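Engineer: need a 3D model of the sequence below.
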Amino acid sequence: MFKIGRLLSMLAKASSLIGTLCVIAMMLHVTADVAGRYLFNAPLPGTIVVVANYYMIILVFLAIGVAEEKKAHISVEFVADMMPQRVQNGFSVFSSLFTVGVIGVLMVAGYSAAEKKTKIGATLEQGSQMIEVWQSYWAIPVGAALMALIAAYRVIVTVTGQRSGLNETDENAKFIND
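Structural biologist: Numbering: from 1, shown residues only. Next up, the predicted model:
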């Protein structure tokens, strides 16, 4: 079980790296567009479409798996922290199962949409150019699948009491949780 957790953590780390590269590419792209627009009166074509339909979608949907691994989603633990550990584990299992269900629906719907957009070769028009956007639709089911896998794995680990292998808290961000 521990090795599965390590594998899921590696996948989350890879998606975090991809998200970081998207942020860097987005910053460079937008900076080049602004510089081109105001210095040379020649903006980069398609910047708005690429930023909104590639960088942002990939960044958001791949990051949800990372947030699930780090337990970084919003949670209110006011009353739960005062309950016995067994009850807290029950709440954790319930919330993780609920997460798997909801994200599973998102994953299936995202897959269906990605499949349709791929078949028609979805494009968007910006100015006089047509820009293909069907590829970015695949980030939705991939990110949702990673989140669902991590949440389902967390249920199994909590119920069996085994070591998880997940990197649940970033060493550099522990002060946030304190």
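Engineer: elements contacting the lengthiest helix in the chain?
Structural biologist: Criterion DSSP state H: the longest helix present in the chain is helix 2-39. Judged by 3 or more C-beta pairs under 8 Å, 6 or more residues apart in numbering; DSSP states H and E, the packing partners of helix 2-39 are helix 47-50, helix 56-69, helix 139-160. C-beta coordinates here come from the backbone N, C-alpha and C atoms, glycine included.
Engineer: need the contact partners of the first one.
Structural biologist: In this structure, residues lying in contact with helix 47-50 by C-beta atoms under 8 Å, 6 or more residues apart in numbering are 29-30, 33, 124, 126, 131, 133.
Engineer: same deal with stretch 144-162?
Structural biologist: 1-2, 4-5, 8, 11-12, 15, 61-62, 64-65, 67-69, 89, 92-93, 96-97, 99-100, 103-104, 106-107, 110, 163-164, 166.
Engineer: any quick ChimeraX command for the buried ones out of those?
Structural biologist: In ChimeraX, this line selects whichever of the contacts of stretch 144-162 come out buried by 16 or more other C-beta atoms under 10 Å:
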select :4,5,8,11,12,15,61,62,64,65,68,69,92,96,99,100,103,104,106,107,110,164,166
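Engineer: residue ranges in the protein under the pLDDT threshold?
Structural biologist: 169-178 (pLDDT under 70).
Engineer: same thing but at 90, please
Structural biologist: Scanning the chain with the threshold set as pLDDT under 90 gives 1-3, 5, 45, 62-63, 67, 69-92, 125-129, 158, 161-178.
Engineer: follow-up on the earlier one: turn the helices and strands packed on helix 2-39 into CSV, columns for distance to Thr20.
Structural biologist: Compiled in CSV, the helices and strands packed on helix 2-39 are given as follows (distance: least, C-beta to C-beta, whole Å):
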stretch, distance to Thr20
helix 47-50, 17
helix 56-69, 9
helix 139-160, 15
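Engineer: what about stretch 33-46, distance to the chain center?
Structural biologist: Chain-centre distance of stretch 33-46: 31 Å, with C-alpha atoms, centre = their mean, to the nearest Å.
Engineer: kindly export it (C-alpha atoms) in PDB.
Structural biologist: Provided in PDB are the C-alpha atoms of stretch 33-46 (Å, rounded to 0.1, in the frame of the first residue of the first chain):
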ATOM      1  CA  ASP A  33       2.100  40.000 -25.800                       C
ATOM      2  CA  VAL A  34       2.100  43.200 -23.800                       C
ATOM      3  CA  ALA A  35       5.600  44.100 -24.900                       C
ATOM      4  CA  GLY A  36       4.600  43.400 -28.500                       C
ATOM      5  CA  ARG A  37       1.400  45.400 -28.200                       C
ATOM      6  CA  TYR A  38       2.900  48.500 -26.600                       C
ATOM      7  CA  LEU A  39       6.400  48.600 -27.900                       C
ATOM      8  CA  PHE A  40       6.000  47.300 -31.500                       C
ATOM      9  CA  ASN A  41       2.300  47.700 -32.100                       C
ATOM     10  CA  ALA A  42       2.200  44.000 -32.900                       C
ATOM     11  CA  PRO A  43       0.500  41.800 -30.200                       C
ATOM     12  CA  LEU A  44       0.900  38.100 -30.200                       C
ATOM     13  CA  PRO A  45      -2.200  36.600 -31.900                       C
ATOM     14  CA  GLY A  46      -4.400  34.300 -29.800                       C
END
